[in-house]
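Novice: Show me how the following folds:
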Amino acid sequence: MKRIWNILQLDIKLISRDKIMGYIILAPVIMAFVITFVVSFVDDTTTTLYVTKNVPSDVLDSLQEVAYIEEVENLEILKNRINAFDNVAGIYTEEGEIHLMLQGNEGSKFEKEISIVVNDALKIDTPRFEFIDYSNSMGWIMNIITAALLITPPFIGGVIGGFNMVTEKETKMNLGYRITPLSYLNNIISRTILAMLIGFIVLVLITIVIGQFSKLPLILLSTLFAMPMFTVMPIVIGVFARDKMEAITLFKVLMIVFLIFPITSEFVPKNFKFLYWPFPMFWQYQTILNTLDNNFSFFSGFMSFFTGVIMLGIILVIFRKKFKIEIGNKKQDYLNGF
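Specialist: This is a model prediction of the structure:
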């Protein structure tokens with residue numbers, strides 16, 4: 001355990017001295033800030049309500065006192081407007097009752113604020129909510145973007161662990177391991193712990209920035225299911241990159257494979273989605289997406305873990321064969337580079 005702790009301390013020092021690794025860690029958090037800012041900018045500071053023309057004039061007058069009102073011709077147009085990028089609410093009447101229409105992904109805070117505004121204006125109890133299907137809307141796209149951000153922590157944490165292994169090669173620091181009793185297994189464990197530590201810090205920051213903190217426990221659980229990926233990334237980069245330039249190139253390739261590839265499943269016909277089943281990043285993405293939709297799936301989580309273990313096992317076998325290392329053996333020939 002002491003040996004693992006020593007490597008962790010050394011890795012943290014390496015991170016603090018390398019600006020590139022700092023940028024990689026902060027990149028998803030900064031992206032979350034940008035997306036949140038854009039969405040907030042699109043949302044007007046004044047409450048905007050879209051109403052159909054069949055809403056009675058007295059109701060319309062009351063609403064105009066507390067909100068900016070936009071009239072639309074019919075219910076279909078109202079639904080299309082609610083499905084737009086920003087968070088707005090719609091009001092229409094049916095059989096003499098006031099109905100409040102929301103997209104369904106705005107969050108409980110927005111729902112509560114709109115309810116208060118409408119209640120104060122109309123002096124009535126909370127009107128009946130109707131959540132429309134936004135599976136083909138900008139709301140659906142926002143969920144994809146959010147899920148894409150939330151699957152980055154295992155990738156980011158693993159990349160940092162891999163970059164540290166590459167730094168050791170470049171500085172010949174790894175030569176010192178040849179005279180220490182550091183085993184192959186301890187080296188992998190230490191890099192996995194570092195990846196998880198960084199990954200979960202990034203995850204919490206992203207969750208706070210995008211306003212999904214209430215779902216943090218389930219998001220954390222979804223990421224725990226992807227735990228094998230925290231080990232895969234350091235191994236892949238640490239093994240195949242001989243220097244920092246190669247590590248950056250490999251980082252770009254892996255970003256396509258681990259982050260963009262699962263998102264492409266959204267644009268593939270259902271009949272062909274089985275092609276994604278062997279890949280843990282697809283199941284991790286599905287688990288996060290289900291969580292954002294308030295429909296957490298243990299099956300997706302289990303598949304994320306199961307397929308991740310299989311991928312990790314394959315990588316470990318390749319890793320051992322490539323460098324002829326046996327777990328528990330003190331030989332560390334792979335640390336000399338290629």
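Novice: From here on, just use CA atoms for contacts and neighbour counts.
Specialist: Fine.
Novice: just checking, next helix/strand downstream of whichever helix or strand T291 is part of?
Specialist: Assigned by DSSP states H and E, T291 falls within helix 280-292. Helices and strands here follow DSSP H and E; after helix 280-292, the next one along the chain is helix 298-323.
Novice: What residues of that following helix count as buried?
Specialist: 300-309, 311-312, 315-316, 319, 323 (16 or more other CA atoms under 10 Å).
Novice: swap in stretch 94-103?
Specialist: Applying a neighbour-count criterion of 16+ other CA under 10 Å, one finds I98, H99, L100, M101, L102, Q103 buried in stretch 94-103.
Novice: Tell me where the stretch 101-250 of the chain is predicted with low confidence.
Specialist: Residues of the stretch 101-250 of the chain meeting the criterion pLDDT under 70: 104-109, 123-140, 172-185.
Novice: so what's the residue nearest the centre of the chain up against?
Specialist: Centrality entry for the chain: nearest residue to the mean C-alpha point is L150, 1.0 Å, by CA atoms, centre = their mean. L150 is in contact with L203, I206, T207, I288, counting by CA atoms under 8 Å, 6 or more residues apart in numbering.
Novice: Likewise for A89?
Specialist: Counting by CA under 8 Å, 6+ apart, A89 makes contact with T48, L49, Y50, I82, L100, M101, L102, Q103, I114.
Novice: where's P28 relative to T171, distance?
Specialist: Counting by CA to CA, to the nearest Å, the gap between P28 and T171 amounts to 28 Å.
Novice: follow-up on the earlier one: any idea how far the residue nearest to the centre of the chain is from V34?
Specialist: For L150, the distance to V34 equals 15 Å [CA to CA].
Novice: and if you look at I15?
Specialist: When distances are taken as CA to CA, I15 and V34 turn out to be 24 Å apart.
Novice: give me phi/psi at the residue nearest to F305 when sequence neighbours are not counted?
Specialist: Once flanking residues are discounted, F305 sits nearest to F225: 4.9 Å by CA to CA, 6 or more residues apart in numbering. F225 has phi and psi values of phi -60, psi -30 when expressed as degrees, to the nearest 10.
Novice: burial of F225, as a residue count?
Specialist: Using other CA atoms under 10 Å, F225 has 22 neighbouring residues.
Novice: which residues does it contact?
Specialist: Counting by CA under 8 Å, 6+ apart, the residues that F225 touches are Q284, G301, F302, S304, F305.
Novice: Who wins on neighbours among the contacts of L150?
Specialist: Neighbour counts for the contacts of L150 peak at I288, which has 30 neighbours (criterion: other CA under 10 Å).
Novice: State the distance from that residue to I260.
Specialist: 15 Å.
Novice: Same question for I208.
Specialist: Taken as CA to CA, the spacing of I208 relative to I260 amounts to 23 Å.
Novice: in the stretch 51-200 of the chain, which spans are helices?
Specialist: For the stretch 51-200 of the chain, helices defined by DSSP state H, counting those that start in this stretch occupy the ranges 57-64, 75-82, 108-122, 138-150, 152-171, 184-209.
Novice: So for W277, which of those helices sits nearest?
Specialist: With CA to CA, the closest approach to W277 among the helices of the stretch 51-200 of the chain belongs to helix 138-150: 17.7 Å.
Novice: thinking again about what came up before, pick the one among the buried residues of helix 298-323 closest to G238.
Specialist: Top of the list for closeness to G238, among the buried residues of helix 298-323 and by CA to CA, is F319 at 10.0 Å.
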